[in-house]
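> return atomic coordinates for the entry below.
(one chain, ligands or ions: 1)
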Amino acid sequence: MYARPCDTIGRAGDHERDWHEGIQMATTEHAPSAVASPFGPTEVASYHRDGYVIARGLLSMREVLEIRRETTRLHDDHLDLPGCFHRSPVGEGADPLAAWPRMMHPHRQSAVLMDFLVHPRVGAALQALLGEAPIATQSMFYWKPPGARGQALHQDNFYLKVHPGTCIAAWAAIDPASQRNGALNVVPGSHAMDLFCPEEADPDVSFTREFVPVPAGLEAVPVDLDAGDVLFFGGNVIHGSEPNRTVGDFRRAFICHYVGESARELSRWYRPIYRFDGTEVEIGDATGGGPCGDVGAAGPH
Ligand SMILES: O=C(O)CCC(=O)C(=O)O
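Numbering: from 1, shown residues only. Predicted coordinates:
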């Protein structure tokens with residue numbers, strides 16, 4: 001029997017929260033301004049101070065289950081979905097990520113996931129943090145099965161090349177994420193720094209090749225989340241994750257990237273991009289080589 005993700009709710013703090021009532025589905029309303037922001041002035045100030053902020057329980061359990069169901073369907077229906085993922089049959093090979101690779105831009109494969117990319121509650125949160133209308137540029141889905149490598153510390157805007165300003169991530173926990181199963185680590189304060197030219201990551205612990213060391217005087221802090229919690233962090237924040245050291249727990253995450261509507265440049269890998277009403281918008285191609293000169297990220301994040 002090979003490892004498969006579990007569909008029990010399994011969320012710490014379940015008893016304190018209502019997962020089943022008062023839920024408005026993502027498909028019913030697209031305008032972020034029609035939905036109250038989960039963030040008040042205190043949370044917005046903490047985002048600007050630290051570079052990240054958490055919206056606890058932003059997704060309902062029903063929504064978490066819907067994302068699980070839809071990504072499982074995509075995974076099980078395809079061995080090869082060009083531009084999204086290519087996988088081995090489950091149980092083949094030594095690397096768990098061969099059978100459970102991350103999905104790139106799954107919103108291009110699924111109307112359900114497109115709705116979550118432009119989820120109105122996420123939009124309202126982004127509007128509060130950015131101070132302007134958000135534009136959706138990317139989705140990803142990480143399975144992070146037991147034994148999987150993590151992703152070395154890096155900065156997202158190294159890849160997205162947003163200018164002026166930077167991008168912002170909404171990292172939605174689809175399983176409880178802890179340090180044992182490879183939750184995200186962030187480096188508070190790095191949001192105020194420039195992009196660094198990355199060093200080479202250790203391929204034994206990271207499935208990606210870039211690595212940005214923690215700058216002197218700063219430290220990486222773990223961000224443990226429950227399923228349904230969403231971590232927002234800026235595109236210059238140094239962040240990454242350790243391997244999943246459990247024997248049975250997947251650590252799934254639905255991760256989307258956004259820019260403010262005043263952005264004028266973005267790497268061409270992320271087109272098409274969308275307003276929260278689902279309409280497409282144009283932004284110019286990123287120019288300039290980034291922190292490594294002309295040798296920048298060759299493809300998407
Ligand atoms: O979820 C992870 O393990 C890493 C995700 C990440 O670093 C990212 O989305 O940029």
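> neighbours around the nearest residue to Asp156 once chain neighbours are set aside, how many?
With CB to CB, 6 or more residues apart in numbering as the criterion, Asp156 has its nearest non-adjacent residue at 4.5 Å, and that residue is Gly235. For glycine as for every other residue, the C-beta is placed from the backbone atoms N, C-alpha and C. By the criterion of other CB atoms under 10 Å, Gly235 has 24 neighbours.
> stretch 266-281 and the ligand in contact?
No - under the criterion of CB under 6 Å from any ligand atom, stretch 266-281 makes no contact with the ligand; the nearest approach is 13.6 Å.
> can you tell me the element the closest residue to Leu129 other than its chain neighbours falls in?
Excluding the flanking residues, the one nearest Leu129 by CB to CB, 6+ apart is Tyr47, at 5.2 Å. Per DSSP states H and E: Tyr47 is located in helix 41-50.
> list the buried residues for that helix?
For helix 41-50, the buried set under the neighbour-count rule, 16 or more other CB atoms under 10 Å, comprises Glu43, Val44, Tyr47, Asp50.
> list just the nearest of those to Gly288.
Ranked by distance to Gly288 (CB to CB), the buried residues of helix 41-50 are led by Tyr47 at 26.8 Å.
> picking up where we left off before, near the ligand, which of the buried residues of helix 41-50 show up?
Near the ligand, taking CB under 6 Å from any ligand atom as the test, no member of the buried residues of helix 41-50 is found.
> how about the residues of the protein by the ligand?
By CB under 6 Å from any ligand atom, the residues of the chain that approach the ligand are 142, 144, 150-151, 156, 169, 182, 184, 239-241, 253, 255.
> by neighbour count, which of those wins?
Going by other CB under 10 Å, Lys144 tops these with 30 neighbours.
> and the helix holding Tyr47, what does it pack against?
Secondary-structure packing of helix 41-50 (3 or more CB pairs under 8 Å, 6 or more residues apart in numbering; DSSP states H and E): strand 52-55, helix 120-130.
> which strands and helices sit next to the helix or strand following the shortest one?
I take that to be strand 52-55. The first helix or strand that comes after strand 52-55 along the chain, using DSSP H and E, is helix 61-77. Contact here means 3+ CB pairs under 8 Å, 6+ apart; on that basis helix 61-77 packs against strand 103-104, helix 111-117.
> who touches Ala36 in this structure?
The contact partners of Ala36, taken as CB atoms under 8 Å, 6 or more residues apart in numbering, are Ala124.
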